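Peer 1: Sequence below, structure please.
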Amino acid sequence: MPRRRSDFARVIAILSKAPSNLHALVLAGAVLDFQRRYDEAEQYYRRALRVWPNSAQVLNNMSNPFLARGNASPAREFYLKACRRSQTAECAFSIGANQRGGKTRPRRRLGIWVACHKPRPVNPVTPFACGGSRFSSKIAASVSGKYVRSLPRRRALVFTRRRFFQAYLGTASLLSQKAAPADQPLRIWDVHSHITSVTGATPEERITELMRFADRMGVERLILSLGYPLLENPSPDQLREENDQVLRALRRWPDRTLGFVYLNPNYTEFSLQEFDRCVRDGPMVGVKLWVAKHCNAPELDPIAERATNMKAPVMQHTWLKVSGNGAGESTPYDLVELANRHPQGSFICAHSGGDWELGIRVMRAAKNVSAEIAGSHPTAGFVEMAVRELGAERVIYGSDIAGRSFASQIGKVTGAEIPESAKRLILGGNLRRILRPILKGKGYPLE
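Peer 2: Residues are numbered from 1 along each chain as shown. So this is what the prediction gives:
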């Protein structure tokens, strides 16, 4: 969170150009909350609600100014709205105040508690409410207004995002999944791998270096894309050179790697020729698009159509930046627009937009778009929310190696509080299902 005046000034500058920028509005409110300028924070949150009235995050944040000023009634109202927007069935929350001498202590006025039969201490990761502060209370009033129980201070549960998802947001589809036998090894396929930042003078040396780490982490297969150096808008000659580098890496480890061809929609005709060379007539099995052009542009349609005809998935880099995306950098909104124009195609939303809480919601209606989890910190709740909102069948593991480590990205899945069967789908089962038609058509052995 930006706390310096210069950082806050940048947020305000963004809002002067884009008054309805949701991320900037929420961030401005959060900064003002931190500075205890609660009246001003409330105004920014209200503006954010006008942009997205049903956002659970904004509704939750909206309660903070009321909470800090000791106004419990509207704070509780906004918390409950956040719960309903997050699809809880019946919230077992309780909202209480920590009082001493009849006065409410600043920044500890109101907490969200969960009443459970066997309370146990937890290490808070990202508390759902109040900017990470801890809260305690001897008396808790349930959200329905009825007395629930007293929770001993020493055994109080801080309500974390992870615990929120685990206890109350599980869907029927998750509960019905059968657990895979524990003795079966995880078959990890990494959809998002690069030789770009790896040590080595040649593609063969670089992929061999990657394989050392893959072996250490139990990764069965890498899907490679992009060569080196990393070019945002490569010319046709540069594009061909980068794809040739990936082809050399594939030949070095044919049983452990697959490739996605890197295309540039600014050169549509050449990209189609490169698709034919590397996918139709070569060993590659998918398309990688980066930041050369917004993927909802009409120039993408011939590429998406050709990929769909070959049953090749299209993986598009996406991001949602408070400071504004790059000139050609796509968002999940752009990808959903493209996917809707090609309903028979298969699309992978790389990074889930970075701001995954928003990106996941954007993807919900587009059934042919899968969320890919690579390239961000291993934040608690990411994978759980993706599974809850999209279903485990639409979530795919990727690492963005060597920009990120295998360990941190695999940990998002293995540490997630979801069924074992869902973890196996995410770590490789879904990708194998998506690639099965094109692998079969190319004569790859299917396991």
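Peer 1: Just the pLDDT for the nearest residue to Glu299 once chain neighbours are set aside.
Peer 2: Computed as Cβ to Cβ, 6 or more residues apart in numbering, the closest residue to Glu299 that is not its neighbour in sequence is Pro265, at 4.4 Å. From N, CA and C alone the C-beta is placed, and that goes for glycine too. In this prediction, Pro265 carries a pLDDT score of 97.
Peer 1: max-length helix in this protein?
Peer 2: As far as residue count goes, and with DSSP state H defining each element, the longest helix of the chain is helix 236-252.
Peer 1: after that helix comes which helix or strand?
Peer 2: Next in sequence after helix 236-252, counting helices and strands by DSSP states H and E, comes strand 257-263.
Peer 1: coming back round to it: how about the contacts made by the residue nearest to Glu299?
Peer 2: Under the criterion of Cβ atoms under 8 Å, 6 or more residues apart in numbering, the contact list for Pro265 reads Ser271, Leu289, Ala292, Lys293, Cys295, Ala297, Glu299, Leu300, Ile303.
Peer 1: tell me which element the third one falls in.
Peer 2: The one in question is Ala292. Assigning secondary structure by DSSP H and E places Ala292 outside every helix and strand.
Peer 1: Distance check, it against Cys349.
Peer 2: For Ala292, the distance to Cys349 (Cβ to Cβ, to the nearest Å) stands at 17 Å.
Peer 1: Which one's more surrounded, the two?
Peer 2: Higher neighbour count among Ala292 and Cys349: Cys349, with 30 against 26, using other Cβ atoms under 10 Å.
Peer 1: what helix or strand does the more buried one sit in?
Peer 2: For Cys349, the host element (DSSP H and E) is strand 347-350.
Peer 1: Can you tell me which helices and strands that strand packs against?
Peer 2: Taking 3 or more Cβ pairs under 8 Å, 6 or more residues apart in numbering; DSSP states H and E as the contact definition, the neighbouring helices and strands of strand 347-350 are strand 314-317, helix 332-341, strand 369-372.
Peer 1: Just put those in a markdown table and tack on mean pLDDT and mean neighbour count.
Peer 2: Formatted as a markdown table, the entries for those read as follows, by pLDDT from 0 to 100; neighbours: other Cβ atoms under 10 Å:
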| stretch | mean pLDDT | mean neighbour count |
| --- | --- | --- |
| strand 314-317 | 98 | 26 |
| helix 332-341 | 97 | 22 |
| strand 369-372 | 98 | 26 |
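Peer 1: So for Arg46, which of those sits nearest?
Peer 2: helix 332-341 (23.6 Å; Cβ to Cβ).
Peer 1: The closest one: how far from the chain's middle?
Peer 2: With Cα atoms, centre = their mean, to the nearest Å as the basis, the distance from the averaged C-alpha position of helix 332-341 to the chain average is 17 Å.
Peer 1: If I look at Pro127, what pLDDT would I see?
Peer 2: The predicted local distance difference test score for Pro127 is 31.
Peer 1: Same check on Glu42?
Peer 2: 91.
Peer 1: circling back: mind putting the helices and strands packed on strand 347-350 in JSON lines, distance to Leu15 included?
Peer 2: Formatted as JSON lines, the helices and strands packed on strand 347-350 follow (distance: least, Cβ to Cβ, whole Å):
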{"stretch": "strand 314-317", "distance to Leu15": "26"}
{"stretch": "helix 332-341", "distance to Leu15": "20"}
{"stretch": "strand 369-372", "distance to Leu15": "29"}
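Peer 1: and Gly391, which of the ones you listed is closest to it?
Peer 2: When the helices and strands packed on strand 347-350 are compared by Cβ to Cβ, strand 369-372 sits nearest Gly391, at 10.0 Å.
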